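Visitor: How does the following fold in three dimensions:
(5 chains)
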Amino acid sequence: MYSEEAHEEFRVEPVTALPAVGEPGTVVWVDVQGLGDAKKILALGEHFGIHRLALEDVVNTHQRPKLEPYEDHYFLVMRMPLDDDALHTEQLSIFLGRGFVLTFQEFPGDCLEPVRKRLRDAKNRIRREGSDYLAYSIMDAVLDAFFPRLDEISDALDALESEHFTHPDPATPQRLHTLRRELLTIRRAVSPFREAVNAFIRDTGDDISDYTRLHLRDCHDHTYQILDLVDTQREIATGLLDVHLSLVSNRMNEIMKVLTIIATLFIPLTFLAGVYGMNFDPDTSPWNMPELRLYFGYPVIVIIMLGVIAAELFAFWRLGWLGKPRQ
Amino acid sequence: MYSEEAHEEFRVEPVTALPAVGEPGTVVWVDVQGLGDAKKILALGEHFGIHRLALEDVVNTHQRPKLEPYEDHYFLVMRMPLDDDALHTEQLSIFLGRGFVLTFQEFPGDCLEPVRKRLRDAKNRIRREGSDYLAYSIMDAVLDAFFPRLDEISDALDALESEHFTHPDPATPQRLHTLRRELLTIRRAVSPFREAVNAFIRDTGDDISDYTRLHLRDCHDHTYQILDLVDTQREIATGLLDVHLSLVSNRMNEIMKVLTIIATLFIPLTFLAGVYGMNFDPDTSPWNMPELRLYFGYPVIVIIMLGVIAAELFAFWRLGWLGKPRQ
Amino acid sequence: MYSEEAHEEFRVEPVTALPAVGEPGTVVWVDVQGLGDAKKILALGEHFGIHRLALEDVVNTHQRPKLEPYEDHYFLVMRMPLDDDALHTEQLSIFLGRGFVLTFQEFPGDCLEPVRKRLRDAKNRIRREGSDYLAYSIMDAVLDAFFPRLDEISDALDALESEHFTHPDPATPQRLHTLRRELLTIRRAVSPFREAVNAFIRDTGDDISDYTRLHLRDCHDHTYQILDLVDTQREIATGLLDVHLSLVSNRMNEIMKVLTIIATLFIPLTFLAGVYGMNFDPDTSPWNMPELRLYFGYPVIVIIMLGVIAAELFAFWRLGWLGKPRQ
Amino acid sequence: MYSEEAHEEFRVEPVTALPAVGEPGTVVWVDVQGLGDAKKILALGEHFGIHRLALEDVVNTHQRPKLEPYEDHYFLVMRMPLDDDALHTEQLSIFLGRGFVLTFQEFPGDCLEPVRKRLRDAKNRIRREGSDYLAYSIMDAVLDAFFPRLDEISDALDALESEHFTHPDPATPQRLHTLRRELLTIRRAVSPFREAVNAFIRDTGDDISDYTRLHLRDCHDHTYQILDLVDTQREIATGLLDVHLSLVSNRMNEIMKVLTIIATLFIPLTFLAGVYGMNFDPDTSPWNMPELRLYFGYPVIVIIMLGVIAAELFAFWRLGWLGKPRQ
Amino acid sequence: MYSEEAHEEFRVEPVTALPAVGEPGTVVWVDVQGLGDAKKILALGEHFGIHRLALEDVVNTHQRPKLEPYEDHYFLVMRMPLDDDALHTEQLSIFLGRGFVLTFQEFPGDCLEPVRKRLRDAKNRIRREGSDYLAYSIMDAVLDAFFPRLDEISDALDALESEHFTHPDPATPQRLHTLRRELLTIRRAVSPFREAVNAFIRDTGDDISDYTRLHLRDCHDHTYQILDLVDTQREIATGLLDVHLSLVSNRMNEIMKVLTIIATLFIPLTFLAGVYGMNFDPDTSPWNMPELRLYFGYPVIVIIMLGVIAAELFAFWRLGWLGKPRQ
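Guide: The predicted structure is shown next:
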C-alpha cells in the first residue's frame, strides 16, 4: 500500500484484514507467493471483485502469457524465470484494477525486488503514479530478469565456440541441446507476452495514463529485443552443432588416414616376410625357395621392401594424404 | 435430455422414439457411437432438420476440423483422441441447434464421461445453461483429452533425454519418429480446430450466450496451449535426434581410435618379428641375416620394438588420442 | 448436351455441327481430348465466344491453376492426375459460360467418368442444375482423383516404415525421394487451385447458384484436406529418411565394433606368436631367445596369450562393447 | 521509331540527333547497350525528361527489380539472363513515357530479338499499340528468356537423378550446388519483379490501355510460373543431395562389411598359423609344442581352421551381412 | 553548423557553449562519440529538449533499430558497422529536430566521413536542404558502409567455393560459421531498420520535405538490397557446408576403399604364407605338411597366391571399386 506520501509493507494473514481499495492516490499491491491455499485465493478474489474464470487460470499454472480484459479489471498472465532452473518458468498472474494490483506467484522468491526498492524510495516517480504504472514496473522487472539469463547463454555459446575450435569436446552437442532448450523456454515465455503487451497498449483506453503507455512501449521493445537475441543465439547454436559435427568427421578422417597409411605400408611387407618364413624344403627340389640360399638373397629382399615402402609413400603423397595431420 | 430440474439418460432404439425438441429450458443430447447404420443417421438428420451436405460429411470420416453455419444449426467437426491408438484420431461431428446437440462418433468409447457426470449432477451449472454450453463442454472435454497424451509424450522425451546421455540406444531414432508422428497427429487435429473455435466465437451472434462465449475463449486458449506444447516438443525431439546422431558418431570415433591405436602399435612389430622369422640360410652367405647369430641380436631387436612402441605412443599422445576413452 | 428431360452424348466431328448454345434449361458440354488440332480449337473458341488470350493458355500447357473472369465466361485451369504417371499431371482447361461448359484435356483418358455417369442418370440432381453445377462436378471429380493417389503414397510410407524397422533397405532413400516428388506434384497441382476455388466462390456473384456455391465450399474443403495430407506425409517421409540414416549409421557402428573386437583381440597374439617364430640362433648366444628352450616355455606363452585375451575382453566389457549385437 | 504505318531502325550517334517524341501514333524506342558513357546517358535522360535519381539507379547496377512511378514516366528495373553466365544477370532499366520507351542494358547482346522481329512485321498488333504495349512486350520477352534456362536445369536434375541411382558420382554435390545457385539467381531476379508487375497493373491508372493490362496479367502469371518451377526444382535438388549422401553412406557400409568379413575370417587363422610357426624346442621339454610331432597334428589344425571359418560365416549370416553386396 | 552560405565545424567542450538552434536556414549537427560522460549527455538532451526516455535508450546500447516519434523531434536508432570487428556493430542514436541533428555513437571512428565531406563542399545540395536531409544522408552513409562488408563476405565465399572443389580444407566449416555470424550481425542490424525507414517515410508528414522523402525511398531500397544479399549469401554458405561435408565423406570413402583393397588382397596371402611357416614335423608323420617336400610345392603355392590376387581384383572390379581414386 503506497501513496505519494506514505508507503507501508505488511504481511496480511487473514484475508479479511486487507485494506479497503479505492482511496484516491493510494495503491494497494497484494503479492501472493505460492498457490497452495485455494480458500485464501478465493477470498482474495472476492475482496477485489475478480472474475471466477480468471481465478481458475491463476491456479491452473500452464497458461500461456495473455491479457484478458474484464469489466473492472485486467488480467495478465506472464511467465517469470526461476532462480535455479533455467529450463522452466513460473507463472505470474497480475490483476490490475483501479487502485490495486494483485499478483500471484507459484513459488516464493522472485525478481521483483527492484520494484519493491523503488516503492520504498519516497522520491521515486513510481510513488506518484497509479496502479497501472506499478503493473508496468512489475512487467518490466520480469522481462529484465530474462536478460542476465540470455547473457549467460551467450557467454556459454562464446565459450563453447572458442574452446571448441581448439579442442572439440564430445559433450558439446548435449550442452548445445540444453542451451537450446533454455532458449526455447525463454521464447515460449516471451513470445506470446509480446502480443499481450501490445493488447495492453492498444485496448486499455483511458484505464492507463499516457505516461505508463509510453513506458509500455519500451516494455514492448524489450520483448522484441529478447526474441531477437533468442533467435540469434539459436542460430549460432545450430551453426555450432554443424561445426562440431564436421570437426568430428574431419577427425575421423585423420584417424582413418593414419590407420590406412600404417596398415597399407606394413601389410605387404609382412606378407613378404611371411613368404620367406615358409618352410618349403630346398633340399627336396631346386624349385623350393632357392632364394633362401642365394648369396645376396637377404639384402635383395630388404631392398625390395624399401622399394615397396617408397612406392606406397609416393602413392599417398600423390593422393594428398601426407599433409601434416591436423588436430 | 435435461433441464434445470430433470435429467434423463436413455438408449433410443427406433429413431422415431426420439423426444421432441424445442421445449424451453430442455436440452436434448443424442450421441451416436459408430457410423455403420446409414439409414438411422438419415432418420436422425431428418428428425433434427440437419442439412444433407453436412450428413455426408459425418459419414465421410476424413474431414478437417471446421465450423459450418447452416440456417438453423451449426455443424462442427472435431478430431477426438482414441484410447488405444496414439497415431490416429476419430472424427466427432457436433450439430448444435436450438434445444439440441447431436454428436456422431466413429467408434464406441470416448472422452466425454466428464461431461456426462456433470449433467447428472443436478447442482452443476451446465444444467441451467442451454445447448450452446453443452456443445462448449463437449469441445472442452475433447481438447482436455489431448493434455494427458501430451504429458505422456513429454515424459517419454524426458526419459529418452536423461537415459540417452548415459547410454545411447540405437532404437532412439525410431522412438523419436513415433513420438513425432503422435505430435503430428495432435497438431493436425487441433490446428484447424483453433480456427473453428474462433469462427464459433466470432460468427454465432446471438445464438450463443455471453457466458458460453467467455468459456469458448478459454477453449481457444487451450488450443493455443496444445499447439504450443506440440511445437516445443517437436523441437525437443528434433534436438534429441541431433544429439543422438552426434553421440553415435562420437562413439564410432572412439571405436576407430582404439582400433587404430592397437593396430598401428602392433603392425610394425609383427612385421619386424616376421622379418626375423625368414628362413634365409646364413650358412650360404655372410649377407644372409647375420643378425640372427649376433651375440645380442635378440635383446637388440626387443629394444628396437620397445622403441617403436614408445615412438608411436608419443605420436598418439601428440595427436591427442590418448585421452580417457569416453563412453 | 442435357436438360432435365433429355441427355444426349455424341462425337462432334466438324466443329460447325455443334449445337447452338442458349436454349434455357439445356446445358452443352464439349470435352476436347488432345490439343493437337489448333484450327479446331480456334473454331470451337469462336463458336462459344472464348477470348483469344484464354485460348492461348489452353495450348500452352504449363499454366498454373487459376481462375480468370472474362466478360461472358469464366476460364479455369486445373491440373489433373494422369493414370500412369504419378510424377506429372495434365492440364485441364474449363470454360464456363451461360448454358455451356467447354473442357480441354491434354491427353485422352481422364477421371471424369463419374460425372458422365451421373449425367446419364435422368434422376440425378445434376440434370436439373445449370452449367455452373456441371463445372463444379468436374472440379470435384478431378480433386477426388487425387485421394486414391494419396492413399497409395500413404500405404507406401506405412509399408516402408514397418518393413524398415525390421530390415533397413539401402533403396529406401530413393523410394522416399520418389514419393516426395509425387507429393510435390500433387501440392503444385492443388495449392494454387485452392485460391482459384476461393475466387470462384467469392467473385462470381449471380453467375453461380447458391446451391452450387454451397457445394463449391465443399470443394474448397477438399483442397485443404489434400494439402493437409500432402504436408503430413512429407513430414513423415522426412522423418523416415532421418530414421533410415541413423539406422545405417548404427549398423556401421556394429560392424566397426565387430571388426575392432576381433582385430584387437588377435593382433597382439599374432605378434607374440611372431616373436617366438623368429629364428635367432640360441646356440650362438645365451641372450638369443633362451625362452625357446625353457622347460615350460610354450605353456607359459599360451597362458600369457589367454591373459591378454582376458584383459582385452575385460576392457571391451568396460567400454560397453559387448552388448548383444543389434541387427 | 514506329507507328502503324512505318517502322525505322537506326543507330543514333550524337544524342542530339534523336527524333522528337510526342507525335501521336508514333513510338520511339531507344535501346542503350553498355553503360560506359555517363555523358551520353545524362544527355539521353535530359532529352526524355528522366528524373536524375532514376538515372543514378541506371548506372548503379545492383538494383533490385522495382517499379518507380515519376511524374511523367515510369521507371522499371528488371534483371535479364546473360547468354553465357547462368550465375549472374544483367540489369535492364526501362523508362516508359508517353510515346517513348527507353531501355538501358549493361552489356551488348540480349533476349529482345523477338520483340524487334515483331516490330519489323507491319501486320503485327504491336505496331498499332502504344508505348505501354512495347514495354509489356519487352518485359515478357525477358521473362520468357528464363524458361529455357529453367528447362536446362530441370534436364540437368533429371539426368543427375537417373544416372545417380545407377552410379553415384562424387561430383554430384558440387553440380547440385551450382544448379541451386543458378536457381537462386533466377529467384532473386524474378521474385521482386513480380511485385513490380503487380504495381504496374494496379497503380498505372489510365497510362496503360486495358489491352496491355490484360497482357500484363499474363506476364504476372509467368512470374508465378517461374517461381513455382524454381521452388520445385530447389526441393528436388535438396532431395537429390539427401539421396546422394545416403547412397554414399550405404556404399561405405558395404565396403566396411567386406573389409570386416575378410579381416575377421583370416585374422584368427593367421594367428593359429603363427602359433605353430613358433620355434619352441620340443627337444628340451615335453611341454614345448608336442602338437608339432603328433601323427595327425597338421590335419587336425587344418580342420580346426575350417571350423573357425564355418563358425564365423554362420555368425555373419546371423548378423545378416551375407546378402548380395549391393552396388 | 551549416547553412547554404556557411559551414563551421568545431569541437564543443562545455555543453553550454552550444550554438542556439532555430535560426532559419541553419542546421546544427552535434556528433557525440563515446557515451562515457552521462552528465554531458543529459546536458545536451536538455539543450535540445530531448525526452528523458529516449536519452535512456541512448545509453542502454542494446537497442533494436527503431523510430520513435516524440512531440518535437524524432528519435532513430541504427546499428553501424565497426571498423575492425565484423561480428559486432555499434549503436548510433540520431535525434532529428527542427534545425538540428544530434548523433550519439558508442565509439570514436565512424563511417560518416562522406557526409562531412559533402557538408564542407559549399556547392553540394546538402547545404541547401534542412536537417531532415542531413539525417537522411547519415542514414544512407551508414547503410552504404554495409556494402563493402557484404562484398568481402561474398569474395570470401567465392574463394572458399573455388578453392574448395580442388582441395577441401577441414577449416572450411569454421570459416563458414564465422561468415554466417557476420551475415547474422548485418541482418540483425538492417532488418528492423527497414521498418524504421518505412515509418520515417510514412509517419513524418510535413516534418520532412518531399525531396528528402524521395531519397528516403532510395534508402529503403538499399535495406532491401542488403537483406537480399544477406539471404542469398547465407544460402550459399549453407550450400557450401553441405558440399564440404559430402566431399569429406567421399574422401573417407576413398580412404576406406584403399585400405580395404590392400588389406583384403594381402590378408589371405599372409595367412597362406603363415600356414607354410608352421613347424609341424614332416618326419614324425606323412600327414604333417607333406607339401613342404613336394617337388613343385613352392611354385604351386606362388601360383595359388597369384590366383587369389586375381580373383580378388576381379571381385573389386565387379564391385566398381577400381575406378581411378578421385582426390
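
Visitor: For the rest of this, base every contact and every neighbour count on C-alpha atoms.
Guide: Will do.

Visitor: Around the residue nearest to A:Trp287 when sequence neighbours are not counted, count how many other residues there are.
Guide: Counting by Cα to Cα, 6 or more residues apart in numbering or on different chains, E:Phe296 is the residue found nearest to A:Trp287 once chain neighbours are left out, at 6.2 Å. Using other Cα atoms under 10 Å in any protein chain shown, E:Phe296 is surrounded by 16 other residues.

Visitor: Go ahead and confirm E:Phe296 touches A:Thr284.
Guide: No. With contact defined as Cα atoms under 8 Å, E:Phe296 does not count as touching A:Thr284 (9.6 Å).

Visitor: who touches the residue nearest to A:Trp287 in this structure?
Guide: E:Phe296 is in contact with A:285, A:287-288, counting by Cα atoms under 8 Å, 6 or more residues apart in numbering or on different chains.

Visitor: Who does A:Gln91 form a beta bridge with?
Guide: Counting by DSSP bridges, A:Gln91 is bridged to A:Arg79.

Visitor: what separates it from chain C, distance-wise?
Guide: Distance, A:Gln91 to chain C, by Cα to the nearest Cα, to the nearest Å: 33 Å.

Visitor: do the same with A:Phe147
Guide: To chain C, A:Phe147 is 35 Å away according to Cα to the nearest Cα.

Visitor: Which residue comes closest to that residue once chain neighbours are left out?
Guide: A:Ile226 (7.3 Å).

Visitor: Using the three-state scheme, assign that neighbour.
Guide: Secondary structure, DSSP: H, G, I helix; E, B strand; the rest coil: A:Ile226 is helix.

Visitor: neighbours around it, how many?
Guide: Neighbour number of A:Ile226 under other Cα under 10 Å is 20.

Visitor: surely it meets A:Arg149?
Guide: No. Checked against Cα under 8 Å, the pair A:Ile226 and A:Arg149 is beyond contact range at 10.5 Å.

Visitor: looking at it, A:Pro114 is touching A:Val142, isn't it?
Guide: No. Counting by Cα under 8 Å, A:Pro114 stays clear of A:Val142, with 10.1 Å between them.

Visitor: more crowded one of those two?
Guide: Per other Cα under 10 Å, whichever of A:Pro114 and A:Val142 has more neighbours is A:Val142, with 20 against 11.

Visitor: Can you name the residues in contact with the host helix or strand of that one?
Guide: Using DSSP states H and E, A:Val142 falls within helix A:131-144. Residues outside helix A:131-144 that contact it (Cα under 8 Å, 6+ apart): A:27-28, A:78, A:80-81, A:94, A:96-101, A:111-112, A:114-115, A:126, A:207-209, A:212, A:215-216, A:219, A:222-223.

Visitor: buried set for the helix or strand just after that helix?
Guide: Helices and strands here follow DSSP H and E; after helix A:131-144, the next one along the chain is helix A:146-166. Across helix A:146-166, burial judged by 16 or more other Cα atoms under 10 Å in any protein chain shown covers A:146, A:149-150, A:153-154, A:157, A:160-161, A:164-165.

Visitor: quick revisit: report the buried members of the contacts of helix A:131-144.
Guide: Buried by 16+ other Cα under 10 Å: A:27-28, A:78, A:80-81, A:94, A:96-101, A:111-112, A:115, A:126, A:207-208, A:212, A:215-216, A:219, A:222-223, out of these.

Visitor: Among the residues you listed, name the ones in strands.
Guide: Counting by DSSP state E, the part of the buried ones among the contacts of helix A:131-144 found in strands is A:28, A:78, A:80-81, A:94, A:96-97, A:100-101.
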